[in-house]
Every structure is written in C-alpha cells, then in structure tokens.
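Trainee: below are the sequence and a predicted model; questions follow.
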Amino acid sequence: MKRSLALIVTLASGFVLGAAAQTLPVPAQAPAPATAAPAQAVPAKVAVIAFQAAVGQTNEFQRNFADLQKKFEPKRTQLKTLSDEIDGLEKALQAQGDKLSDAERASRTKSIDEKKKQAQRFAEDAQTDLQGEMQTVYEGVAGKVFEVLESYAQQQGYTLVVDGTGSQQQAPVVLYASPSTDITKAIVAAYNLKSGVPAPPPQEAEPAAPTPKPAAPKPAAKAPVSH
C-alpha cells in the first residue's frame with residue numbers, strides 16, 4: 001500500500017520559545033525586552049481503530065471476497081475429488097492387502113503416494129494463488145479506507161489515530177482505550193456510504209432441529225377392587 005496506514009500526529013502541542021537573553025549589557029535608560037509568553041498547548045484528541053477489521057467489515061471487501069471464493073470454487077472441487085480418490089484407493093488396498101502379491105501391493109502403494117504428492121502440490125499452489133489475490137483485494141480496499149479515515153480524523157479534530165489491530169507485526173501497545181475513542185464502526189459506515197456498495201444479503205440460517213414433543217402421560221394403573 002502506497003500510503004502508510006498510521007495517521008501521523010498533525011499537532012499534539014506547540015510552544016513558542018522565548019528569545020535567548022542578550023549577553024551585551026543593556027543601557028540603563030532602555031527597558032528590558034519582554035519575554036514572549038509561551039502559547040497554550042493544543043489538547044490532544046486520540047482515537048483508536050482496528051484497521052484490518054474495519055477493512056474486512058466494509059461492504060466492498062465482503063463483496064470482493066465472496067467473488068474470490070467463487071473464483072476458487074473449481075479448485076476446491078478438484079482438490080476434493082483428488083482427496084476422495086486417494087481415500088478410496090487406500091480403503092481398497094486395506095481391504096484387499098492380504099490377497100495381493102507383494103509386487104501388486106507395492107505398485108498400488110506407490111500409486112497412492114504419487115497421488116498424495118500431486119494433491120499436496122495442487123493444494124499448495126492453490127493456497128499461494130489465493131493468498132496473493134487476497135492480498136490484492138485487501139490492499140485495494142485498505143488504501144481507500146485509509147483515505148476515508150484521514151478525512152474523518154481531520155473533520156473530527158483528532159490529533160492522533162492509533163491502529164489497535166493486535167495481529168499486526170508491529171502492533172502498538174494500547175494499554176487502555178475508552179470505548180468512546182473507538183472509531184472503527186464510524187469509519188466502516190462512512191466508507192460504505194462513500195463506496196455505494198450495498199450490504200451483502202444475510203446468509204440463510206440452518207433450520208433448527210424440531211423440538212421433540214413430550215410423551216403423553218401413561219394412564220395410571222387402576223387399583224384392584226376388593227370384594
């Protein structure tokens with residue numbers, strides 16, 4: 001990403017230093033020069049954001065991520081087919097192992113090992129491709145989210161925005177942050193409004209298992225009538 005994701009302090013505090021005292025003697029009739037009064041410090045206004053979570057929660061990222069999943073669906077299907085084939089070959093070898101010659105057993109074992117290596121290479125290549133495209137998708141949205149963050153921080157008068165993402169390599173140590181300083185949801189809402197990307201449709205929840213009906217009470221046994 002071209003721009004840094006950390007918002008630099010624009011103005012935390014400022015002081016005007018007084019002029020250095022003159023070493024030359026001051027004439028008696030001349031008044032001593034007045035020392036400039038220090039300016040008041042600008043109060044800092046700090047906000048905290050979970051930047052990676054904010055990017056992941058935007059409608060645009062969720063839409064692009066769903067498209068990426070669909071793109072890689074054929075590879076997942078192919079990998080599942082390879083896995084099922086290997087599983088079937090292993091079960092057949094286990095079931096017929098004692099009926100096969102040593103040469104046939106060794107041939108089948110070698111074939112299974114080769115298919116396992118093929119499946120592993122395929123899975124590693126697919127994973128590498130997926131991670132590369134995921135990074136591209138993330139960076140494409142993250143750069144625009146940062147622009148919204150920068151504009152929002154300036155409008156709200158924040159002097160410092162700290163990324164509190166805990167999984168980043170050089171995460172700042174945030175020992176305490178009031179909930180009122182967390183602007184993650186505000187940035188997500190502002191970005192969704194600017195991007196115009198609608199929210200993804202809610203996923204259908206799995207139907208709940210039917211609640212078993214209580215068994216009907218058995219009729220009480222009648223006491224024998226004594227004559």
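Mentor: Looks like it arrived, so ask away. Remember, it's a predicted structure, so these values are computed and weren't measured experimentally.

Trainee: which strands or helices does the top helix by length along the chain pack on?
Mentor: Determined from DSSP state H, the single longest helix within the chain is helix 102-156. Packing contacts for helix 102-156, counted by 3 or more CB pairs under 8 Å, 6 or more residues apart in numbering; DSSP states H and E, involve strand 46-49, helix 51-57, helix 59-71, helix 73-96, helix 184-195. For glycine as for every other residue, the C-beta is placed from the backbone atoms N, C-alpha and C.

Trainee: how about CSV for the ones you listed, with mean neighbour count and distance to V148 added?
Mentor: Output for these, formatted as CSV (neighbours: other CB atoms under 10 Å; distance: least, CB to CB, whole Å):
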stretch, mean neighbour count, distance to V148
strand 46-49, 21, 11
helix 51-57, 20, 9
helix 59-71, 15, 11
helix 73-96, 13, 32
helix 184-195, 17, 5
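
Trainee: looking at the ones you listed, spot the one closest to P201.
Mentor: Nearest of the helices and strands packed on helix 102-156 to P201, taken as CB to CB: helix 59-71 at 10.0 Å.

Trainee: which strands or helices does that closest one pack on?
Mentor: Contact here means 3+ CB pairs under 8 Å, 6+ apart; on that basis helix 59-71 packs against helix 102-156, helix 184-195.

Trainee: in a markdown table, list these along with distance to L68 and mean pLDDT.
Mentor: Formatted as a markdown table, those follow (distance: least, CB to CB, whole Å; pLDDT from 0 to 100):
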| stretch | distance to L68 | mean pLDDT |
| --- | --- | --- |
| helix 102-156 | 6 | 92 |
| helix 184-195 | 17 | 92 |
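
Trainee: deepest of these, which one?
Mentor: Of the helices and strands packed on helix 59-71, the one with the most neighbours on average (mean count of other CB atoms under 10 Å) is helix 184-195, at a mean of 17.

Trainee: what's that one in contact with?
Mentor: 49-50, 53-54, 57-60, 144-145, 148-149, 152, 199 (CB atoms under 8 Å, 6 or more residues apart in numbering).

Trainee: nearest to Q94, of these?
Mentor: Checking these one by one against Q94 (CB to CB), the nearest turns out to be A53, at 46.7 Å.

Trainee: give me the nearest residue to the closest one, chain neighbours excluded.
Mentor: Leaving out its chain neighbours, the residue that sits closest to A53 by CB to CB, 6 or more residues apart in numbering is T184, at 6.2 Å.

Trainee: look up how far S180 lies from V148.
Mentor: Noted for V148: a distance of 20 Å to S180, by CB to CB, to the nearest Å.

Trainee: same thing with P201?
Mentor: Counting by CB to CB, the separation of P201 from S180 is 32 Å.

Trainee: where in this structure is pLDDT low?
Mentor: Low-confidence regions of the chain, defined by pLDDT under 70, span residues 1-43, 166-177, 204-227.

Trainee: change it to 90
Mentor: The model of the chain has pLDDT under 90 over residues 1-46, 50, 92-103, 105, 108, 150, 156-182, 184, 199-227.

Trainee: what's the straight distance from one end of stretch 163-178 to the other?
Mentor: Start-to-end span of stretch 163-178 (CA to CA, to the nearest Å) is 14 Å.

Trainee: fine by me, thanks again.
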